[in-house]
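missing the sequence, but the structure's below:
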Ligand SMILES: [Mn+2]
């Protein structure tokens, strides 16, 4: 029985470096993960490698990125492996212009249009790819008007889109629209977190970013291997952990302790060992970690200056992994468990700033206005290209909320301290 083997790749963003680790060398670049992907595809003797858009990051598309992609395509094609692509919102205009690459690789459709390519077999059990190229930087919904006829039993759809988000600016599409087209699988791009949306009927999934690009892209990243029967049934799918870096977060409780710099460092090292041991992620050469030092109002200032003065070029070796600190954050312990606490915190901060003791009347109102302004500003920022890759992730939204609260807590603690004339640090 013939089995089709295909590797599906989500967002690459070639040309972008994982954020927060600019001091680390090229060993964590997307290109390194792409090289591993090529080796894996050749070793597993797959029939095709599919890319679901945002292959090139918009910031660097014509420079390093295009050359790196071209090299990967050439290596795959030399082994007879098909390379099938669609563009995303980052490379909708740059990808189609790489004519040299697409004399050998396949770009399905054109901006805003569907296209199709069929890998034939002598016994007629062919594999058909259908895909849509993103039409612009932004696009509200995906149009299915030019959707091709699917003749093969085995078929894979490639689409850069935002499933279930009909208000999205990045190709909103209902899941039912995808399940309604009877394909074997849909390999989607845009969401950087690996997400399996539909297991039976068509297998619909985001394989996520090949190499995580931000501290919020935690966990194992890579590509998805699909095995599809000649009858078009998905026999197996498997995540290939091809990323060379693993992002994680680690919290250390330092509250109630007066520690020296050396003691804090020892605590961090100890916590990293415990954390990585519990994760069991031996496969990863590099780990990028955000360490959050929980503290209280007494030691906040000392811990905060420790974080500020920390030399990030220091890395830790933990087991077989080299651990880089993405950031070191001091978090002041305050009780903000109830929704009312956030309001109290903000109105108090406003009151303190304006030299008033009590957050009542006008000051309470100003607190609310501040929250609205912050929200507006964030929404505007999230609409900008630089942030778009992360703006759709639910976890990201929670992160923004956390960052806002942390900033508020930190500001509050500083103001309280400065008013007391304390200089703990
Ligand atoms: Mn995208």
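Happy to help now that I have it. Keep in mind that what you see is a predicted model, and the values were worked out from it rather than measured.

show me what contacts residue 240?
Contact analysis of residue 240 by Cβ atoms under 8 Å, 6 or more residues apart in numbering lists 7, 37, 40, 222-225. All C-beta spots, glycine's among them, are computed from the backbone N, C-alpha and C.

do I have it right that residue 148 meets residue 130?
Yes: assessed by Cβ atoms under 8 Å, residue 148 is found in contact with residue 130 at 5.3 Å.

touching both of these two, which residues are there?
Joint contacts of residue 148 and residue 130 (Cβ under 8 Å, 6+ apart) are 114-116.

run a quick neighbour tally on residue 191.
Using other Cβ atoms under 10 Å, residue 191 has 25 neighbouring residues.

doesn't it fall inside a strand?
No: secondary structure of residue 191 (DSSP: H, G, I helix; E, B strand; the rest coil): coil, not part of a strand.

one step back: of the shared contacts of residue 148 and residue 130, closest to residue 165?
residue 114 (20.6 Å; Cβ to Cβ).

tell me the bridge partners for that closest one.
Counting by DSSP bridges, residue 114 forms beta bridges with residue 132.

in the stretch 151-300 of the chain, what spans have low per-residue confidence?
Where the stretch 151-300 of the chain drops to pLDDT under 70, the residues are 281-283.

if we use 80, what do you get?
Across the stretch 151-300 of the chain, the ranges flagged by pLDDT under 80 are 256-259, 279-284, 297-300.

can you list the residues of it near the ion?
Applying Cβ under 5 Å from the ion, we find that the stretch 151-300 of the chain lies next to the ion at residue 190.

how about the strands of the stretch 151-300 of the chain, start to end?
For the stretch 151-300 of the chain, strands defined by DSSP state E, counting those that start in this stretch occupy the ranges 154-160, 162-163, 170-173, 185-189, 195-198, 203-206, 223-229, 234-240, 245-253, 286-295.

those strands: which one's closest to residue 136?
strand 170-173 (10.1 Å).

on that earlier part again, of the contacts of residue 240 - the most surrounded one?
Highest neighbour count within the contacts of residue 240: residue 223, with 29 neighbours (other Cβ under 10 Å).

ok, now which ones touch that one?
Per Cβ under 8 Å, 6+ apart, neighbours of residue 223: 7-10, 37, 40, 207, 210, 239-240, 242.

switch the cut-off to 7 Å
7-9, 37, 207, 210, 240, 242 (Cβ atoms under 7 Å, 6 or more residues apart in numbering).

chain neighbours aside, what residue packs nearest to the residue in the stretch 101-250 of the chain positioned nearest to the ion?
The stretch 101-250 of the chain approaches the ion most closely through residue 190 (4.0 Å), counting by Cβ to the ion. Spatial nearest neighbour of residue 190, excluding adjacent residues (Cβ to Cβ, 6 or more residues apart in numbering): residue 160 at 5.2 Å.

if that neighbour is in a bridge, with which residues?
residue 189.

burial count for it?
Residue 160 - counted by other Cβ under 10 Å - has 30 other residues nearby.
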